[in-house]
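**Student:** Structure, please.
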Amino acid sequence: MQRPVSSLRLSPGVKVKLVGAGFQFTADLQHLDQSQLSRDASLSQPEALEVLQVVRGTGGGDGGGAWSSLTALELFQREEEELRSIVTFSSRLDAALDGGVPIGKTTEICGVPGVGKTQLCLQLAVDVQVPPCFGGVGGQVVFVDTEGSFLLQRVIDIAAAAVRHCSLLVEDDEQRVAMETFTVETILSNILLVRCYDYVELLAELYLLPDFLRARPRVRLLVIDSVASPFRLLFDELSRRTRLLNGLAQQLVTMVTKNNISVVVTNQMTTRLRGGQSQLVPALGENWGHVPTIRLLLHWAGSRRWAAIVKSPGHMDSTVQYQITSDGFRDADQPEQPQNKRTRTQSNQSDG
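**Tutor:** Numbering: from 1, shown residues only. Prediction:
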């Protein structure tokens, strides 16, 4: 059974334009790209992109694909084979996450400016390339920069430190051979950088990314730093922003499951009035809070930086101290745990 275009979750004006241009069913839209749809249906580029996102989310076509299922045992065996994590070079955070940032999951890193969100992303962009013989995944990374925060010299410093670290661990011929190609130059060549200046560019890039990933099976990490920044201009258009974010979320989930990659996004903090008091909470609203599998809250306690796991179906809530050094994201001497129960409660709430 084909799905009518009129049943899609789009604005009435957009649906009228689609039907008026002769597009009756989602299958009629499957072969179109953004520019062609914009031209044929007299839609703006953002409207055309939104339509294609919604159609992609519904699966399009006739909806009659074969039922695909597997048993819980098969799923367990598949995850046993594929279960890998990207180390953060903070042994305490890696331990709290059972080995690091997991592949096959979406992880959100939120916090105030300057606390280290981008630093952790740059660290992960290097660490995903650690050779398997050293306990890494030997992958590549797509780094989507929406704020201009990707600093090349900082990446070089972190890469040089990672190479030095692994060189000190060499014990056998396999590791010696691996070090011949694990260099600063190869690390930089395996970071595929994309710069986006607004939400239209971000959504367009993510729409094209599945084909890009199929052609590059070594990619094991997608970083979006940050996911909130491109949507600032839509602050007063909450319904439109929610629809676009829902489409983005569907794409991320599809990429995670179909390509077996880790998705890491950073999110900003905003304020919410609750009980007459102003509280800091992750941005983008409560609906977005359901998207990431794991949410890490980076925060300050005095002059010390702390990373808290505030949402995860497979990990205990825990808080570890870290520091940002010239070598990258690292452990710090850990004093008594900070009193952060209130912070954890707030972090599970979201506001736009």
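**Student:** hey, which helix or strand in this protein has the poorest pLDDT?
**Tutor:** helix 341-347 (a mean of 40; mean pLDDT, DSSP states H and E).
**Student:** separation between the nearest residue to residue 216 once chain neighbours are set aside and residue 106?
**Tutor:** Of all residues not flanking residue 216 in the chain, residue 140 sits nearest, at 6.6 Å (CB to CB, 6 or more residues apart in numbering). Placement of C-beta: from N, CA and C, glycine included. For residue 140, the distance to residue 106 equals 18 Å [CB to CB, to the nearest Å].
**Student:** Let me know the next secondary structure element after the helix or strand hosting residue 203.
**Tutor:** Element membership for residue 203 (DSSP states H and E) is helix 199-214. Per DSSP H and E, helix 199-214 leads on to strand 219-225 as the next helix or strand towards the C-terminus.
**Student:** Show me what that next one pairs with in its sheet, parallel or antiparallel.
**Tutor:** Looking at strand 219-225 with DSSP bridges, its partner strands are strand 140-145 (parallel), strand 262-267 (parallel).
**Student:** Just name the most buried of these.
**Tutor:** Of the strands paired with strand 219-225, the one with the most neighbours on average (mean count of other CB atoms under 10 Å) is strand 262-267, at a mean of 26.
**Student:** re the thing from before, could you say which one of the strands paired with strand 219-225 comes nearest to residue 97?
**Tutor:** strand 262-267 (11.3 Å; CB to CB).
**Student:** returning to that earlier point: quick check: buried residues in the helix holding residue 203?
**Tutor:** Of the residues in helix 199-214, 199, 200, 201, 202, 203, 204, 205, 206, 207, 209, 213 count as buried by neighbour count, 16 or more other CB atoms under 10 Å.
**Student:** Report the mean per-residue pLDDT for it.
**Tutor:** Mean pLDDT, helix 199-214: 91.
**Student:** Can you check what angle separates it from strand 140-145?
**Tutor:** Taking axes from the mean of the first three to the mean of the last three CA atoms, to 10 degrees, one finds helix 199-214 and strand 140-145 inclined to each other by 180 degrees.
**Student:** ok, residues contacting helix 199-214?
**Tutor:** Helix 199-214 has contacts (CB atoms under 8 Å, 6 or more residues apart in numbering) with 34, 45-46, 49, 52-53, 56, 142, 144, 146, 194, 196, 219, 222, 224, 230-231, 233-234, 244, 247-248, 251-252, 254-255, 258-259, 261.
**Student:** Which of those residues fall within helices?
**Tutor:** Judged by DSSP state H, helices contain the following of the contacts of helix 199-214: 34, 45-46, 49, 52-53, 56, 244, 247-248, 251-252, 254-255, 258-259.
**Student:** and the chain, what are its domains?
**Tutor:** What the record gives for the chain is the domain set 5-58, 72-347, from automatic domain parsing.
**Student:** just how off-centre is the longest one within its chain?
**Tutor:** To tie it back to what came earlier, the one meant is domain 72-347. 7 Å (CA atoms, centre = their mean, to the nearest Å).
**Student:** Number the chain from 558, please
**Tutor:** Sounds good: first residue 558 from here, last item domain 629-904.
**Student:** returning to what we had before: looking at the strands paired with strand 776-782, which is closest to residue 711?
**Tutor:** strand 697-702 (12.3 Å).
**Student:** which residues make contact with the closest one from outside it?
**Tutor:** 678, 681-682, 685-686, 707, 747-753, 759, 762-763, 766, 769-770, 773, 775-782.
**Student:** what do you get for stretch 737-755?
**Tutor:** Applying CB under 8 Å, 6+ apart, the contact partners of stretch 737-755 are 682-683, 686-688, 696-703, 705, 707, 712-713, 716-717, 719-720, 723, 759, 762, 773, 775-776, 787, 790.
**Student:** cool, and stretch 597-611?
**Tutor:** For stretch 597-611, using CB under 8 Å, 6+ apart, the contacting residues are 565-567, 571, 574-575, 577-578, 580, 586, 589-592, 594-595, 757, 760-761, 764, 800-801, 804-805, 807-808.
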